[in-house]
Each structure stands twice: as C-alpha cells, then as structure tokens.
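[1] Please work out how this folds:
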Amino acid sequence: METTMDTEVKPGNRKGKPNYLLEFKRRLTVAACESGVSVSKLAFAHQVNANMVFKWRRDLRAGLLEDAAPAPATLLPVVLARAPAGARSKAAPARRDTIPAGMIEIVIADAMVRVRGDVNASLLKTVVQSLRA
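    Residues are numbered from 1 along each chain as shown. Okay, here's the model as predicted:
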C-alpha cells in the first residue's frame, strides 16, 4: 500500500529545522496508523525522519494533534484592601519578603518581574500584555 502526500513545510525559525503544518502531521500519522503500512517507507517517501513520524503518531494517539487552539487565559479582577492594624492571622506568620506599597511582583515558573513606583491599572495591563509575548 503506497500513500503519497504533498510535504507541506513552512519555513522554521531555526536553520535546518522545518516546521511542518499540523494538517500534514495529522494526515501522515493517520496514514502511518493504517494496517500494513511501513512507517519507515512512508517517512522516507515524504522526506521526514521516521522517528519524527513515530513521535507524531504517539502525539496523535494522546490527542495532542488537535485543531483546537488553547483557550485564552481569563484575567480576574484584583481588589486590594488594607488589613486593619493588628489583624494578622496566627496561622500565617509574617514574611520577610512582603511586597511594599507601590510595587508589583509577578512570579511565573523561574521568572520574576518586579515593577516599582506608581503602580496603576494601565501599568499593570502593559506588564501583563508584555508577558504574553
């Protein structure tokens, strides 16, 4: 059984590392899942490494080659309120690294962003939008 498909490649951002279109990956892996198909021959015919096709096949079976784009993150409104003096909880001891007034600190994985000074909604929006890129 022989299957022919156009190899659809869009230029990658790294030299020598093409980015294959999702539809091409899906069609190739579906063909690789058919009975009696040699994945190595199929990969060779489409100038793709056989190990890559095996990985794409695993991804297909795990549902990772789906069309659905990830849902956009939803930001929730944040309201800051000052706690009354002496209202500190006994269960939560005071931290030495508390954030002083007029500063934003955002920690994502190993990255930390601190913004000091006049922190307002416009500045916070700019900071969060720059983190998306």
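[2] quick one: contacts of stretch 46-59?
    Stretch 46-59 is touched from outside by 5, 7, 20, 25, 28-29, 32-33, 39-40, 42-44, 65, with contacts defined as Cβ atoms under 8 Å, 6 or more residues apart in numbering. Every residue, glycine included, has its C-beta placed from N, CA and C.
[3] Return a PyMOL selection command for the buried portion of these.
    The PyMOL command for the buried members of the contacts of stretch 46-59 (criterion: 16 or more other Cβ atoms under 10 Å) is given here:
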select buried, resi 20+25+28+29+32+39+42+43+65
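[4] Out of the contacts of stretch 46-59, which sit inside strands?
    Y20 (DSSP state E).
[5] Make JSON lines from the contacts of stretch 46-59 and add distance to M103 and pLDDT to it.
    Below are the contacts of stretch 46-59 laid out as JSON lines (distance: Cβ to Cβ, whole Å; pLDDT from 0 to 100):
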{"residue": "M5", "distance to M103": "55", "pLDDT": "58"}
{"residue": "T7", "distance to M103": "52", "pLDDT": "57"}
{"residue": "Y20", "distance to M103": "45", "pLDDT": "87"}
{"residue": "K25", "distance to M103": "45", "pLDDT": "91"}
{"residue": "L28", "distance to M103": "51", "pLDDT": "92"}
{"residue": "T29", "distance to M103": "49", "pLDDT": "91"}
{"residue": "A32", "distance to M103": "53", "pLDDT": "92"}
{"residue": "C33", "distance to M103": "54", "pLDDT": "90"}
{"residue": "V39", "distance to M103": "55", "pLDDT": "93"}
{"residue": "S40", "distance to M103": "58", "pLDDT": "94"}
{"residue": "L42", "distance to M103": "57", "pLDDT": "94"}
{"residue": "A43", "distance to M103": "54", "pLDDT": "94"}
{"residue": "F44", "distance to M103": "58", "pLDDT": "94"}
{"residue": "L65", "distance to M103": "43", "pLDDT": "79"}
